[in-house]
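Colleague: here is the input, now give the coordinates:
(chains A and B)
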Protein chains: 2
Amino acid sequence: MTFLDDFATLSSFGATANGGVHREAATADDGRARWFLADWFDRNGLTTTVDAVGNMYGSIEFVPGAPYVLVGSHLDSQPTAGKYDGAYGVLAAAHAAYQVIECVERGSVTPQFNLAVVNWFNEEGSRFSPSLMGSGVFIGKFDADDILKVTDRGGITVRDALSDIGFHGEDQQLDAVSYTEIHIEQGPILEQEGTTIGIVTANWAARKYSITVHGEQSHTGATHMALRHDALVGASKIVLAARELTTQFPDGLLLASVGQFDVEPNSPIVVPSKVTMAIDVRSSDPDVLEQAHDMLLAAIAQETEVHVSIDSSALRPSTSYQSEGVELAEEAAKDLGLSYRRMLTMAGHDSVNLKDIVPTVMLFVPSVDGISHSEKELTRDSDLLDGVTMLTETVARMVRGDIGVAKATELTSAGSRQR
Amino acid sequence: MTFLDDFATLSSFGATANGGVHREAATADDGRARWFLADWFDRNGLTTTVDAVGNMYGSIEFVPGAPYVLVGSHLDSQPTAGKYDGAYGVLAAAHAAYQVIECVERGSVTPQFNLAVVNWFNEEGSRFSPSLMGSGVFIGKFDADDILKVTDRGGITVRDALSDIGFHGEDQQLDAVSYTEIHIEQGPILEQEGTTIGIVTANWAARKYSITVHGEQSHTGATHMALRHDALVGASKIVLAARELTTQFPDGLLLASVGQFDVEPNSPIVVPSKVTMAIDVRSSDPDVLEQAHDMLLAAIAQETEVHVSIDSSALRPSTSYQSEGVELAEEAAKDLGLSYRRMLTMAGHDSVNLKDIVPTVMLFVPSVDGISHSEKELTRDSDLLDGVTMLTETVARMVRGDIGVAKATELTSAGSRQR
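Modeller: Sure thing, here's the model as predicted:
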């Protein structure tokens, strides 16, 4: 059982012809990847449990009644995506846990907490919106019952989709004392610098907009231009306005684009009546993001041919990972002789949710050319293996209680109060 | 049995909440409308036959072995469309035929030809592409076997869709000697002028483009802007370039828009890799259309972030309806005391196909505000009824042989040669 062999097997579930994966949340291929992971837990001394929103845990109890160090990521992918995003972090977590268990068994790590690998449900949000769904329920940001009713475009609910693959569980979520996750960078910085490990100090601020452009359906071949209210023309202007935003700030400071874009009624000879779209704007600088927000609203307000409604405009603020976790990771990398640097995450991760409730360590390994959400996504084998080594050392230190003691005390006293 | 009562019944098949219809070709609702029509034929002395591509005929033989005057239009609609487009012409044809049969029976019309009402399959082209499908097979422009293999977006073939509703027929298509069709104008001219009948002399020239914009899939939240190849940004520029074309010529001379537009992979946090779109450009002036064609290609050639392929660029030339048919209609309108004018058709119709093989008369009635392909489509009852009167007189003159004699001679000698 080597990590790379296991990773090759995991990458076969939903594999695409061009070397990527297409494994959206709670699809049959996601189910196959999950059963592989459950079997892996079973063969390696971890107990599989599944909570109501499909978060999957492989846990081991070292200290009866103590809370858990969680380590994981997500097995779901975007459509026609890369095989590393999420899946690498889950398998690295499993292998790290395996090695930490061995350390505990031979006495080189004295555990203060228990340990669980976790596969969060629907990090990507492509099939079921919003993203970061399982971890969002875990931290109490979303209500599980609400989430179970969310439907995909075919009208299938989260509840039914999870049931169909056998992962609508009844187990309790575990008490977390701390969390760590390793992920590919999805940007070019580590590779360009030749650095092996990124230690994340904060996430970029992001705004996600859901927008509807309302026009009026008419005939492409018979309606005079002056009488048209073409929703696609209005929507195209907004797409270009979002792109234009990025040129208004110093290079690299703002990202903006439209990923989802649906036209109605979408017939060759009908002027579109409606376009719905999802705009994604991000910056490392919250002030820049707010300026961009104002500029985008101003551009939208200029539309006269169509009516534009902003259905939602959710802000994901830039927040910091706990310094105790950053320092733990720096010391671990230094002791392992791995090159490392502090950095921000541009992309969202389940760790962005977890850090709101427990000390959280977020680690990156290099992405070749920074390419992600693409079949061309690549992280070199040596970087994958260095990442597993780094994650193992980080988990060992978390299990022995280098961070999270204050959280554990809080959990214990909450438990006492409940009794 | 009044025309308006029948029209209300016909409009109930696929009716929408806002007073329109949603009755795409060979859907269950199209099937219900077709069974209503077949029953109508049966009750009113017409024999129903259906050819291999679902064209439906309600025929009567006055002169054994003689060819047929065809009169009709189409029952299929665009999505969320109006109830008049096509359906009015089919029901008007049925009522006109009923009255002409009565005239023949009481001796006021001496028939030289036989008569058939026709409902052409898939005029709209929204579910199955291309449009004008049934009449295209009828005139030999398309091969029936090729057409039967065309699939909708769900992968259902024309053959299976027609079989599912019971309209994949085995009857021969009829020998046509002439054709007439009445339709709503889908433009504002007749209403603005207060004219009742439009007599079409030629169709606008049109170009239909199928275009694919190829970008590169990446992460909306992590890919630097300079590294992006965003298919949606490129496609949006083309949508606006098509609109811009229309401002380069005198008002009303050029129409251009994009009706169908599909984004892949269409996920909120993925930079789109591909957009396919259908561009529709029309002009009354063939030279203007060609200038617009060159301008559009030049605009597309400026794209550098993405690669654009023009998958097809089909020209529907401006061609004339036979002058003998125009004159027949003018005389009929004059004799009936209906106001009339000559005009062009901006939209395509099955008659544009039929006129390539037989003398063809195309008639219009007013559209309120020129609105079409919309639930707001409206033609006033008095105009509907005047149109039926006009069509009846036109069909009577065609049945008695005012036009089409040369065609009939041609058909007879072809038949002689075949023997």
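
Colleague: residues near A:N353, how many?
Modeller: For A:N353, the neighbour count with other C-beta atoms under 10 Å in any protein chain shown is 25. For the C-beta atoms, the positions are set from N, CA and C on the backbone; glycine is no exception.

Colleague: how close does the spatially most central residue of chain A sit to B:A347?
Modeller: With distances taken as C-alpha atoms, centre = their mean, A:H349 lies nearest the centre of chain A, 3.5 Å away. Distance, A:H349 to B:A347, using C-beta to C-beta, to the nearest Å: 52 Å.

Colleague: please verify my assumption that A:F41 contacts A:V117.
Modeller: Yes - in this structure, A:F41 is within contact of A:V117 by C-beta atoms under 8 Å, at 7.1 Å.

Colleague: joint contacts of those two?
Modeller: Shared between the contact lists of A:F41 and A:V117 (criterion: C-beta atoms under 8 Å, 6 or more residues apart in numbering or on different chains) are residues A:G58, A:A94.

Colleague: these two: which has the busier surroundings?
Modeller: A:V117 (29 against 24).

Colleague: what comes into contact with the strand or helix carrying the more buried one?
Modeller: Assessed by DSSP states H and E, A:V117 sits inside strand A:114-119. Outside strand A:114-119, the residues within contact range by C-beta under 8 Å, 6+ apart are A:34, A:37, A:41, A:46, A:55-63, A:66-75, A:90, A:93-94, A:97, A:100-101, A:174, A:395, A:399.

Colleague: what about chain B: which of the residues you listed touch it?
Modeller: Checked against chain B using C-beta under 8 Å from any C-beta of the partner chain, those yield no neighbours at all.

Colleague: from these, list the buried ones, please.
Modeller: A:34, A:37, A:41, A:46, A:55-60, A:62, A:66-75, A:90, A:93-94, A:97, A:100-101, A:174, A:395, A:399 (16 or more other C-beta atoms under 10 Å in any protein chain shown).

Colleague: filter those residues down to the ones in helices?
Modeller: A:R34, A:L37, A:F41, A:V90, A:A93, A:A94, A:A97, A:V100, A:I101, A:V395, A:V399 (DSSP state H).

Colleague: so what's the residue count around the residue lying closest to A:V368 once chain neighbours are set aside?
Modeller: Of all residues beyond its chain neighbours, the one nearest A:V368 is A:L378 (4.2 Å), with distances taken as C-beta to C-beta, 6 or more residues apart in numbering or on different chains. Using other C-beta under 10 Å, A:L378 has 19 neighbouring residues.

Colleague: mind listing what A:L378 touches?
Modeller: Contacts of A:L378 by C-beta under 8 Å, 6+ apart are A:G82, A:Y84, A:S367, A:V368, A:D369, A:I371.

Colleague: A:S320 now?
Modeller: By C-beta under 8 Å, 6+ apart, the contact set of A:S320 is A:T201, A:A202.

Colleague: what's the pLDDT at it?
Modeller: If you check A:S320, the pLDDT there is 95.

Colleague: then A:M1?
Modeller: Reported pLDDT at A:M1 in the predicted model: 60.

Colleague: so A:S210 is in contact with A:A278, correct?
Modeller: Yes - A:S210 is within contact range of A:A278, at 5.9 Å (criterion: C-beta under 8 Å).

Colleague: looking at these two, which is more packed in?
Modeller: In this comparison of A:S210 against A:A278, neighbours counted by other C-beta under 10 Å, the higher total goes to A:A278 at 23 against 18.

Colleague: quick one: that one is in a helix?
Modeller: No - counting by DSSP: H, G, I helix; E, B strand; the rest coil, A:A278 is located in no helix; its state is strand.
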